[in-house]
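Enquirer: Here is a sequence together with a model predicted from it:
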Amino acid sequence: MSPTTLPAGPEHGHVTFLGAGPGDPGLLTLRAVEALANADVLVAEHEVLDVVRVHARQGVAVLNTDSDTSSRTYPGPGTPQLTVVDGTSTTVGDPALRDAANLVMEAARGGKRVVRAVSGDPGLDTYAAEEMLACAAAGLPFEVVPGVAAAVGVPAYAGVPLRDAQGADVRFVDARSASDRCWTEVGASDGTVVVSATLDSVAAAAGELVAAGRKPDTPMTVTVAGTTTRQRTWSATLGTIAQTLKQAKVLPSPDGGRPVIAVVGERSAAAQREQLSWFESKPLFGWKVLVPRTKEQAVSLSDQLRSYGAVPHEVPTIAVEPPRTPQQMERAVKGLVTGRYEWIAFTSVNAVKAVREKFEEYGLDARAFAGIKVAAVGEQTAKALVSFGVKPDLVPSGEQSAAGLLEDWPPYDPVFDPIDRVFLPRADIATETLVAGLIELGWEVDDVTAYRTVRASPPPAETREAIKGGGFDAVLFTSSSTVRNLVGIAGKPHNVTVIACIGPATAKTAEEHGLRVDVMAPEPSVHKLAEALADFGLKRRAAAQEAGDPVTRPSERRPGSRRRRTT
């Protein structure tokens, strides 16, 4: 029986030592994702949690490694629960690390599937190696899921290939533990050297290489926070790296102990980084983008923003609640089953969700839509229906709005349409345009409140200060209500923040609130809005480079006056 098929039970505990990579969650392997999804217990240091926990089970419990574990119990097979041990220490022999190792052993002996996640690759992690030996000595089955090592992954994200066509040697050195003999050996070589160091020790490492025989003009790159949207890379030489870091104002710094990866070598392509820097040159690299939507709606948009290098920050501005009087909705759903309607029209994802929840309450599923034509406004609404098992019969061919739906909606024909009634589940805000248009086409409409939209609670004080103080580089407004609600619960975005709106109506509302609109989507789609912001960022970067200016984010320039509406 393979390790991946071991059942959970008192006799079959199992440990997976998993490499979480250098920081980008997208670098997790498929096997790593599978192991995380099936884990009963997850043991990980603090910096690894953000990388791995997105693939873990819901309802995660977070425990500190220095907490009392003597009375800890694990739920039985019928109630699987994921446990996260948050150990922040990296000191050899630290009690917190011993507690993490003890939990691995304790949980595995109790029949649990344990994932021990480490940064980079487990084969390069001293603690993981010691825990593997402990498992072997105890007779506990384990497996190793390799991860992308920082010494390999970070240079790739920095645009610094380690080998060229001539196949230069590549040496790896950990400056924090390298001996004089090690420096002498790599100094005598003309190959590429990858140095793991800290920000405040990398210049000393460069000095060691020069002292060992490397030329001071040998190209060198230094990358901090590699593979994340905080990544930053400096290009210099062994002789100039200290001055380069000083001019960049990153040293001296309280963060000088941050890990860095440095690449040294004539043939390491360091000199070609301008052409090969694919990651840091993304159109919105490092931009903090505010996404003021309901959380359910923000997910796909946030994923798209991340693909452009942005750091999305979701702030719900609208909360969705059930209708105050549910009887009307209950009658309409029963009417679907009894054949009262010819059409049902969904104008939002929330409308789909409201009907689906009512279906589940009555024990119904997508088969209840049999014989009923289904219309949907918007790409996301259509996708929500498809995930429910319903393929829309009508989606506007043009503008994704009530007007666009009416453009394509067929008039009522008593010969071909046995029923003349349309079910329109909606929010508690008016839909007169759609209702009036359907009536004009000859249809009877049951206009039913399926859910209520209310202003969400204010975000944390830190977020409010970032919004008003220029901490965000851009904000995406996807409706007029998101403008009004964000301003109402958090205040106006600072004048340096790029304002992007989904359409003319939203832009008008933004201007009425004293905001200047910088970006507008070419069509009313959240994905087109994200594309338009990315294009804006790309042009902004190109203009800075053409002018010989450093590429900065909007939040790095802070004029004193608040943004005003332009005329």
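Expert: Received it, and whenever you're ready, just let me know what you need.

Enquirer: Now stretch 24-41: average pLDDT?
Expert: Per-residue pLDDT values over stretch 24-41 give a mean of 92.

Enquirer: Alpha carbons only: can I get it in CSV?
Expert: Provided in CSV are the C-alpha atoms of stretch 24-41 (Å, rounded to 0.1, in the frame of the first residue of the first chain):
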residue,chain,number,x,y,z
ASP,A,24,4.9,32.1,-4.0
PRO,A,25,1.9,29.8,-3.2
GLY,A,26,1.7,29.1,-7.0
LEU,A,27,5.0,27.1,-6.7
LEU,A,28,3.4,24.4,-4.6
THR,A,29,3.4,21.1,-6.4
LEU,A,30,0.2,19.2,-7.3
ARG,A,31,1.3,16.5,-4.8
ALA,A,32,1.7,19.2,-2.1
VAL,A,33,-1.8,20.5,-2.7
GLU,A,34,-3.2,17.0,-2.5
ALA,A,35,-1.4,16.3,0.8
LEU,A,36,-2.6,19.5,2.3
ALA,A,37,-6.2,18.8,1.3
ASN,A,38,-6.1,15.4,3.0
ALA,A,39,-4.2,16.4,6.1
ASP,A,40,-5.6,16.0,9.6
VAL,A,41,-2.7,17.9,11.2
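
Enquirer: Would you indicate which residues of that stretch are buried?
Expert: Neighbour counts over stretch 24-41 (16 or more other C-beta atoms under 10 Å) mark 24-25, 27-28, 32-33, 35-36, 38-41 as buried. Glycine gets a C-beta too; all of them are placed from N, C-alpha and C.

Enquirer: What of stretch 102-111?
Expert: Under 16+ other C-beta under 10 Å, the buried positions of stretch 102-111 are 102-108, 110-111.

Enquirer: for stretch 396-403, same thing?
Expert: 396, 400-402.

Enquirer: hang on, the earlier thing: tell me which of the buried residues of stretch 24-41 is nearest to residue 245?
Expert: residue 24 (23.8 Å; C-beta to C-beta).

Enquirer: how close does the closest one get to residue 326?
Expert: 45 Å (C-beta to C-beta, to the nearest Å).

Enquirer: Equivalent analysis for residue 257, please.
Expert: Residue 257 sits 57 Å away from residue 326 when distances are taken as C-beta to C-beta.

Enquirer: would residue 172 count as being in a strand?
Expert: Yes - counting by DSSP: H, G, I helix; E, B strand; the rest coil, residue 172 is part of a strand.

Enquirer: was I right about it contacting residue 150?
Expert: No - the pair residue 172 / residue 150 is not scored as a contact, 10.4 Å apart, by C-beta atoms under 8 Å.

Enquirer: which residues do those two both contact?
Expert: Between them, residue 172 and residue 150 share these contacting residues under C-beta atoms under 8 Å, 6 or more residues apart in numbering: residue 196.

Enquirer: Low-confidence bits of the chain, can you list those?
Expert: For the chain, the stretches with pLDDT under 70 are 1-12, 58-99, 165, 167, 267-271, 294-299, 428-431, 558-567.

Enquirer: report the longest helix in it, please.
Expert: Longest helix in the chain, counting residues (DSSP state H): helix 526-546.
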